[in-house]
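J.: show me how the following folds:
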Amino acid sequence: MSTGGVISKGTAVIRTLLAILVIGGLAFFCASGSLAASEKTEKTERMVLSPDDSAAVRRAVRYLNRISTLKARFIQISSNGAYAEGEVLISRPGKLRFDYDPPHPVLLIANGLTLLFYDRELKQASFLPLWETPLWFLIRQDVTLTENVHVTAVVQEKATIRISLVDEDLPDAGEVTLVFSDRPLVLTKWEILDPQGTTTQVSLVNPQFGVEIDSEAFDYSDLEIGTGVSRDETR
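T.: Predicted structure coming up:
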């Protein structure tokens, strides 16, 4: 899939962003060899969670389904040295906005159907179907951690629950881990391990749940988009 001329500066950060937000359509769940993928698929299919771990996953699913809106600052740190901050807005179902602070010219908006990747400097955009992005399973109408994904690990510590997931079709291509604080259960971050071994953490800072969010935050019709528009022509 082509992203045209969207990537300008802050390349490491933007590539990391693509790895986080556009699984399947852009970067994260890219196949790294059909044989390796098939071998790992066999392994993940055999994994059976303990009763305690299954209960933790069910708790997480119930919690995620209760989230209607989310507003927070975020800090994104990668093991390759990339660093960025910004604001995230989520309105379920189907809407999200990642607004990166300067000097990174990145804006992502999902309006319920399409994910827009926009470079403010170049005024260029790429679009993807929303259901082909990694956070789709979090912002869809009904959140599930069993449909099209496999839970590969559940780690329950004194005040933290970590749930790791892989794509059921391409399990050798990367892993996403949801991190919750416990008692009360609150989503605090997610982590991405890509096929090259790079780990990226996106931490939520002062998250506010259930707050009112202006619907215009998810409207990109007034953005100035130049000639460098690209779409996923493989779909």
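
J.: wait, what's in contact with residue 142?
T.: Taking CB atoms under 8 Å, 6 or more residues apart in numbering as the definition of contact, the neighbours of residue 142 are residue 65. C-beta coordinates here come from the backbone N, C-alpha and C atoms, glycine included.

J.: give me the phi and psi for it.
T.: Residue 142 has phi and psi values of phi -120, psi 110 when expressed as degrees, to the nearest 10.

J.: and what of residue 128?
T.: In terms of degrees, to the nearest 10, the main-chain angles of residue 128 are phi -140, psi 150.

J.: hey, what's it bridged with?
T.: For residue 128, the beta-bridge partners under DSSP bridges are residue 115.

J.: now the helices: where do they sit in this protein?
T.: With helices called from DSSP state H, the chain shows them at 11-21, 34-46, 51-66, 136-139.

J.: contacts for the longest one, please.
T.: Looking back up the chat, that one is helix 51-66. Outside helix 51-66, the residues that reach it (CB under 8 Å, 6+ apart) are 49, 138, 142-145, 151, 154, 156, 161, 163, 178, 180, 185, 187.

J.: count of neighbours near the closest residue to residue 138 other than its chain neighbours?
T.: Using CB to CB, 6 or more residues apart in numbering and skipping residues adjacent in sequence, the residue nearest residue 138 is residue 64, 6.3 Å away. Neighbour count for residue 64, taken as other CB atoms under 10 Å: 21.

J.: where's residue 64 relative to residue 128, distance?
T.: If you measure residue 64 against residue 128 using CB to CB, to the nearest Å, the figure is 22 Å.

J.: try residue 152
T.: 25 Å.

J.: looking at these two, which is more packed in?
T.: Applying other CB under 10 Å to residue 152 and residue 128 shows that residue 128 carries more neighbours, namely 23 against 18.

J.: hmm, that one is touching residue 110, no?
T.: No. The criterion here is CB atoms under 8 Å, and residue 128 misses it with residue 110 at 9.3 Å.

J.: any low-confidence regions in the protein?
T.: Within the chain, the stretches falling below the threshold (pLDDT under 70) are 1-47, 132-135, 171, 173, 227-235.

J.: strands along that one, start to end?
T.: Taking DSSP state E to define them, one finds strands in the chain at 69-78, 83-91, 95-100, 106-111, 114-119, 124-129, 149-156, 160-167, 175-181, 186-193, 199-209, 230-231.

J.: for residue 209, name its beta-bridge partners.
T.: Assigned bridge partners for residue 209, using DSSP bridges, are residue 70.
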